[in-house]
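# curious how this folds, go ahead:
(chains A and B)
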Amino acid sequence: MNPSEVKERLDAARTIPPAAEDASGRAPDPRGARQAGLHGDLWTAIALFSLTAVLILASRWISPSFGGLAQAKAILVLSSFIAVTAFGQQMVILTGGLDLSIASVMTMGGVLTFGWIGASGPALIWGIPLVLVLTAAIGALNGIGVVLLRVPPFIMTLAMGIIVYGAALGFTGGTPRGQPSPALSALFTGHVLGVPPVILLIAVFAALGTLLQLGTAFGRRLYAVGTNPAAAYIAGLPVRRLTLLAYAISGGSSGLAGILMVGYAGGATLTMGQGYQLPSIAAAVVGGTSILGGSGLYLGAVGGALLLTTFSTIISALGIAEGWRTILYGAVILLALLLLRDELYAWIGRAVTRPILPPDASARRNA
Amino acid sequence: MSATTLPARGSAAASARRLLGNGTLIVAAIYLLLLAVFAARQPGALSDSSVTDLFNNALPLALAAAGGTLVVLTRGFDLSVAGVVALTNVLMATQVGDGAGGALEGLAMVVGVGLVVGAVNGYLVAYVRLQSIASTLATMIVTSGLALLVLDAPGGNVPDFVSYGLTDVVAGGIPVAALIALGVVALWLVLRRTDWGVALYAVGADETAAGLAGIPTRRVKFLAYCLAGVFYGLSGYMLSALTATGNPNAGNAYLLLTFAAIAIGGTSFSGGRGGLVGAMIGAATLTLLQKVLFSAGVSSFYTGIFQGLVMILAVLIAAISERLARGRRA
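I've put the predicted structure just below:
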């Protein structure tokens, strides 16, 4: 390939994902950056899970009913919605984008589930896949806007969110109608292995999500796209298709969160998704995801979702004014960000791994 | 980026290209188009009182978008706009006395609040190096909480001096809001030519290169967040004048609209390209769009769909014309 051809492909690649200009000042080797980042991501996840456990235990001081297994279960159940939306959000963030349509797509998923599936059992079999496909299609539309029309992700997903919300409003005429689904509710009220089935579902989801990121070609390529889109394009990766797929996944996972929400709440409202837009980003970022793309692990985002849910559960039990609760919530997010920085993991990593590293490896790290 | 930041000199073709690539002019054209539609559908749309209304309704969002643009130019996101607008709004509705003294006291207060929040954001992003979207999310939540502490439900009264004075006309028909907007534009045209203004674009385009060129990148970013905060405070001030009451949730609607206005105004979210004037016209366009849709009799259920489509279209038009400009240069 002659140099002018390379330049042409580089230029073409630069205009594909809007975050392509991030490429400057990044590690030139995506694979190397990925390996270096993985330790940090794992440490983040471990730190978040431990912190959540400690917080739940410590919350016994706030209320005697807290700190037990029942509260841990309740937090796991509540965190499932943020955890599911954070998966799609993180996949999109990995590509260097951002999904601001999550709240509306989640609402749409919930409204459709409530209206179409209702109390019917057999309807679940076609209804759930249909809702998932539809919401994934909305996500794919986001992806088309971003990769083909080259609309900035921020504005594409924001506009899509407004459009989908308008559609949900029009579809329901302002009041969602339908019936609660006993089967979906059973996810939250039933018992399998001593816990509500939704907890097992989320555990499997978290495992599969992390596996998709680390163990499949699709996942590894997504990191490459986010780290350096131009390099990924030159390496022959289908950058557009990968990016589009990430947005479709985000739409589908928002739809899934909407379906779960109908099971939890026994109904749907037009505001049901509202509280999940920013938490989906916060969970991913607290979980160690770089908003610039190319780094982050779903396990960390699940940890972020758990920690945020634990915070809000404990804070709302404090019996203080809403203003103080809000301030406290913001303050702990800030504190988590300040504490869970890469520098901290680098320091822990050095302390733990120093003796076993060969001399040349440590020399390279210090360079 | 050279198309908008470094004016090319030369032939008429070159200046035509420059116009095509200029997001501000494109959004201005979209605005005028919408205004024409509005005038055609609504008798009296261009009467004095209707024009004053247009300025009054657009200014709070325009000020917020102006502030947000400064941060977006550095390739950051500032979500704290929602919190600062809410906090300054409830402060204006509860803590300020009437008369010129009260208005000045209020002005000092909103500027102070904006500056403090902006400084916290700037410190966290520029010096502690936290991700902008995450740290401003935290400050947004904290300031929203403070707003709830000041006023836990919609209510309160903004002094008449502010609410009448700022929404009125002076000198035989010039809206005060238009004068304020002009003042901000003038301020920006001066700021853009200062060392800081030039550095703002450089940092957004390529922070590493800017740093190597000797630009104090951290201070440039810090100041961008501080000034952005001040603009959010002023936005809350103007919003208070407009609504004449306090609402601790007043900022929520601003969060996404601010970014929409910035994008429509031709500012790139990958930094270093765009400008404040475009964002302000973008804000006016979004405000006008709501009026046009209402006058066109679009069911309020579906207003959102049109709004979303227009946002995407505006960005597409800007991108296509920019591509045309770039294509012809190559």
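# drop to CA atoms for contacts and neighbour counts, all remaining ones
Noted.
# number of residues surrounding A:Trp116?
By the criterion of other CA atoms under 10 Å in any protein chain shown, A:Trp116 has 20 neighbours.
# so what's the residue positioned nearest the centre of chain A up against?
Centroid check for chain A by CA atoms, centre = their mean gives A:Ala86 as the closest residue, at 1.7 Å. By CA atoms under 8 Å, 6 or more residues apart in numbering or on different chains, A:Ala86 lies in contact with A:Pro279, A:Ser280, A:Ile281, A:Ala283, A:Ala284, A:Ala301, A:Val302, A:Ala305.
# show me what contacts B:Gly156?
Residues in contact with B:Gly156 (CA under 8 Å, 6+ apart) are B:Val90, B:Ala93, B:Thr94, B:Thr245, B:Gly246.
# among the residues you listed, who's most crowded?
Result: B:Val90 is most packed of those (other CA under 10 Å), 33 neighbours.
# pretty sure it sits in a helix.
Yes - B:Val90 sits within a helix when classified using DSSP: H, G, I helix; E, B strand; the rest coil.
# returning to what we had before: adding distance to B:Gly145 and secondary structure, write the contacts of B:Gly156 out as JSON lines.
Compiled in JSON lines, these are given as follows (distance: CA to CA, whole Å; DSSP: H, G, I helix; E, B strand; the rest coil):
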{"residue": "B:Val90", "distance to B:Gly145": "12", "secondary structure": "helix"}
{"residue": "B:Ala93", "distance to B:Gly145": "16", "secondary structure": "helix"}
{"residue": "B:Thr94", "distance to B:Gly145": "16", "secondary structure": "helix"}
{"residue": "B:Thr245", "distance to B:Gly145": "18", "secondary structure": "coil"}
{"residue": "B:Gly246", "distance to B:Gly145": "15", "secondary structure": "strand"}
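# now, which of the residues you listed sits nearest chain A?
B:Val90 (12.8 Å; CA to the nearest CA).
# all strands for the chain, in order.
By default, I'm working from chain A. With DSSP state E as the criterion, chain A has no strands.
# meant chain B, my bad for not saying
Going by DSSP E, chain B shows strands at B:169-170, B:174-175.
# where does the chain dip in pLDDT?
No chain was given, so I picked chain A. For chain A, applying pLDDT under 70 flags the ranges A:1-39, A:340-367.
# the chain in question should be chain B.
B:1-22, B:318, B:321-322, B:325-330.
# please name the nearest non-neighbouring residue to the most centrally placed residue in it.
Centroid-nearest residue in chain B, with CA atoms, centre = their mean: B:Ala65, separated by 1.5 Å. Spatial nearest neighbour of B:Ala65, excluding adjacent residues (CA to CA, 6 or more residues apart in numbering or on different chains): B:Thr258 at 4.9 Å.
# distance of the one you found relative to A:Ile320?
32 Å (CA to CA, to the nearest Å).
# looking at the two, which is more packed in?
Between B:Thr258 and A:Ile320, B:Thr258 has the larger neighbour count (other CA under 10 Å), namely 28 against 11.
# mind listing what the more buried one touches?
B:Leu61, B:Ala62, B:Ala64, B:Ala65, B:Gly68, B:Ala283.
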